[in-house]
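Asker: quick one: sequence and predicted model below, then my questions.
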Amino acid sequence: MPQPTKSWVYYNDRLARYLFISSAVLVSLIIICIIWFVGMQGLSTFREVSFLEFFTSSKWSPDSGQYGALTFIAGSIGTTLIAILLGGPLGLAGAVFLAEIAPPWVRAIMRPATDLFAGIPSVVYGYVGITVIVGFTRKITNSSTGYGMLAAGIVLAIMILPTVISLSEDALRSLPGSYKEASLALGATRWQTIWRVLVPAASPGILTAIILAMARAIGETMAVQMVIGNSPRFPDSLGSPTSTLTSNIVMEMGNTPYGSTWNNGLFMMAFILLVIALIMIILVRTASRKGAVR
Amino acid sequence: MKAHQANRFASILLWIGAVAILALLVAFLALILGRGLPYLTAEFFSGSDGVRGQLFNSFYILFLSLIFSLPIGLGAGIYMAEYAPQNRFTDLIRLSTESLASVPSIVFGLFGMIVFVNMFGLGFTILGGSATLALLNLPILVRVTEESLRAVPRSYREASLALGATMWQTLRKVILPTALPGLITGITLVAGRALGETAILIFTAGMNVSRILFDVNPLAAGETLAVHLFAVKSNPLPGTNSDQIADGTAALLILMVIVFNLCLSIPSRWLQYRLQGKNRG
Amino acid sequence: MDKIVVKELDLFYGEQQALNSINIAMKERSVTALIGPSGCGKSTFLRTLNRMQDLTPGVKIIGQVKIDGQDIYAADTDVVLLRKKVGMVFQHPNPFPKSVFENVAYGPRIHGETDKKKLSEIVETSLKDAALWNEVKDRLHESALGLSGGQQQRLCIARLLAVGPEILLMDEPTSALDPISTMKIEELIAELKDKYTIIIVTHNMHQASRVSDRTAFFLSGDLIEEDITSVLFTRPAKKKTEDYISGRFG
């Protein structure tokens, strides 16, 4: 063997390797920093406010020392559920259609179209919400303004469509072709094959799609803020103005001094959102691992 | 034949669902463009309430955020695709990337506010806004890079390494050029998303435009188009034609998204065409 | 003179042993064929000779592989120089998605050659040595992916020769090719052995007898027998070898 010659080629190789590793480590550090900073700021709320009050009271009136965030939590959960109930089935139908039924030319139109949906900025969704959807919800809920959970839910349902469609379609497409052949060969109709074989087999992937869609819906800020009505009132009907965690942060962040209990309370709401997002990721990992075991 | 009726019925329903999704999109575009396009005049950009400052800020912040996030995102993605051994460290980084991808943008915004606005004492600046926006880009960049590199056939790596190339030479001369179309598509996706981002920027770049036109000072406040649309729609200033500004801005944003997607997918197609060779077969 | 000497080589994939104390020596400027049923370890063994096996996660290698008297698994071995000296041709042709010229010039470039004139000389010589020059000289700057499978494989050989190796490892180089292309590669091997030490893995015993000077028979990770090709195919010493070459299994 010739003796090793340590020229710049080798140092470049080394250097590149170290740079790549440090970038990867930096990504980890960033998420840790986010959890740490937002968490510390948020949790300091509880120096002044009791845990119980924050999570179980719906009286949010920081001027008079009342910090009950239940309204916002309920608002966030409520809008997210409406979004999933409306957008989930439609998105799944779209995915099944694209994976199993659509002729190639229809697919060639629909794929980029759903991508375009994903590209529309969330303020534009909010803008459409104010200009059209609020008027529509005013009619069907018979309320005075139309702003509220239903309007926010409808906007979110449209926003999560691309997530549900593309991830579910991927899950359906990645199934082995033998499943479909076996079922069709037994004399099942296309629909029976889809409903009894393909959708159940793809269920871990579809579940992942739904969870990620929920994560997107609960964290969505601008579109919701623009149509929810922004009143710190517990959501007692679908058509009355209320607030969510995200919309309330946007509404009040600018008017509160940094470091005050009020301000910390808003950071606590952000921290709740962060924790929910992290839980969702763990759920997704579990779902996909289950899928892999099967 | 009950099964056959169910089958036909379901097919019809699925077609209706698909048509509804498409119709929804068409209605969206028609509504936004129909309302806004008539206002997109020279006056709209350079008049007294003109948005040319916001338009400039949008691209300037996007540009800076890509400068911050591209090296790290590409680096981490390359590490995950080419170097990462299967161990707990790799698993931790993968979990971090996935978690970062799921962080709601408002949380990024507040994080950026703590770090750049308060800790560094910058106030609302283009710099703070783009650095925070870079965090949003990062996980998508990592994923897109990893996926594009993994799509490069293993045989290319083997061939290059077997010729005595180092890993870095292999990456630079074979793997990255082959993965380029995928990378470009991915960066387009990231850019499109960053261009429309609002929640992050409200609390880091602020809702003001510098008095100087096309101010490249990164320490100036920098309201973008998307933030502007939010501002005029949710707090209309009395005495301005804020509805028209909102209509025009929404249309402009949509046009930008469409043009962006078209423009950047062309070079990647062209590259693909060149790499594959004309006389394949 | 022995170019490669392998002593007591064991290889493990995790817990599983894939090569059991292999001992073999290969002469300079000769062709050695490695034969055996699939999964017998012949390709695995081949890939230990330029340490491509290192790229597979979880592989452990014990023993000695000496090339020109130097142990390539010694701690101070420069893997990059090793692979420059011990080149490899793969089962499926794997040209880069670049032009014919760029494919061949790739090796010299990464090893520091920048002179345009020299590069074209190297490309021309290598393509001639790989018996491909006449077929591609008019399309040097077209994509290599446009060549036929056989041409691609000879391009890969040219790309390898351009680096200036001394040993050529060939891992079933013709298994993905048509008979005419296979014949051309075999003729090429016969020419190349004047300059290079060649080790070829093949599942085709006729090919082994046509191209090689010596043949080694592998079975389940063991080297059963190694001898002059004509001897091994006509008067094998071991029963297992005889069973295999007479087609009783594999």
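Answerer: That came through, no problem.

Asker: drop to CA atoms for contacts and neighbour counts, all remaining ones
Answerer: OK.

Asker: check whether whatever helix or strand residue B:180 lives in contacts chain C.
Answerer: Using DSSP states H and E, residue B:180 sits within helix B:176-195. Yes - against chain C, helix B:176-195 shows contacts by C-alpha under 8 Å from any C-alpha of the partner chain at residue B:178.

Asker: which helices and strands does that helix pack with?
Answerer: The criterion is 3 or more C-alpha pairs under 8 Å, 6 or more residues apart in numbering or on different chains; DSSP states H and E, and the helices and strands that helix B:176-195 contacts are helix A:104-119, helix B:52-78, helix B:126-150, helix B:242-276.

Asker: will you turn these into a markdown table that also has mean neighbour count and mean pLDDT?
Answerer: Below are these laid out as a markdown table (neighbours: other C-alpha atoms under 10 Å in any protein chain shown; pLDDT from 0 to 100):
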| stretch | mean neighbour count | mean pLDDT |
| --- | --- | --- |
| helix A:104-119 | 15 | 84 |
| helix B:52-78 | 23 | 90 |
| helix B:126-150 | 26 | 91 |
| helix B:242-276 | 18 | 75 |
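
Asker: looking at these, which is nearest to residue B:7?
Answerer: Evaluated over the helices and strands packed on helix B:176-195, closeness to residue B:7 peaks at helix A:104-119, with 20.1 Å, by C-alpha to C-alpha.

Asker: what about that closest one, near chain B?
Answerer: Yes - Helix A:104-119 is in contact with chain B by C-alpha under 8 Å from any C-alpha, via A:110, A:113, A:116, A:117, A:119.

Asker: report the two of these separated the most.
Answerer: Farthest pair in the residues of helix A:104-119 next to chain B, by C-alpha to C-alpha: A:110 and A:119, 14.2 Å.

Asker: neighbours of the nearest residue to residue B:246 once chain neighbours are set aside, just the number please.
Answerer: Leaving aside its sequence neighbours, residue B:246 sits nearest to residue B:229 (C-alpha to C-alpha, 6 or more residues apart in numbering or on different chains; 5.4 Å). Neighbourhood size, residue B:229 [other C-alpha atoms under 10 Å in any protein chain shown]: 25.

Asker: distance of residue B:229 from chain C?
Answerer: Distance of residue B:229 to chain C, computed by C-alpha to the nearest C-alpha, to the nearest Å: 46 Å.

Asker: tell me if I'm right that that residue and residue B:243 touch.
Answerer: No - with contact defined as C-alpha atoms under 8 Å, residue B:229 does not reach residue B:243; the gap is 9.7 Å.

Asker: any idea which residue sits dead centre in chain A?
Answerer: residue A:216 (1.3 Å; C-alpha atoms, centre = their mean).

Asker: cool, and chain C?
Answerer: Central residue of chain C (C-alpha atoms, centre = their mean): residue C:169, at 1.6 Å.

Asker: just to revisit the earlier point, can I get the residues of helix A:104-119 next to chain B in TSV including distance to chain C?
Answerer: Formatted as TSV, the residues of helix A:104-119 next to chain B follow (distance: C-alpha to the nearest C-alpha, whole Å):
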residue	distance to chain C
A:110	31
A:113	32
A:116	31
A:117	34
A:119	32
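
Asker: and of those, the nearest to residue A:235?
Answerer: residue A:117 (28.9 Å).

Asker: ok, back up a step: wait, isn't the residue nearest to the centre of chain A in contact with residue B:104?
Answerer: Yes - if you go by C-alpha under 8 Å, residue A:216 and residue B:104 touch, sitting 7.3 Å apart.

Asker: helices of the stretch 101-250 of chain A, residue ranges please.
Answerer: A:104-119, A:122-128, A:134-141, A:149-173, A:177-185, A:190-192, A:199-201, A:203-219, A:222-227, A:245-253 (DSSP state H, counting those that start in this stretch).

Asker: packing partners for the helix or strand residue C:26 falls within?
Answerer: Residue C:26 belongs to strand C:16-27 when assigned by DSSP H and E. When contacts are defined as 3+ C-alpha pairs under 8 Å, 6+ apart, strand C:16-27 packs onto strand C:2-13, helix C:42-48, strand C:222-228.
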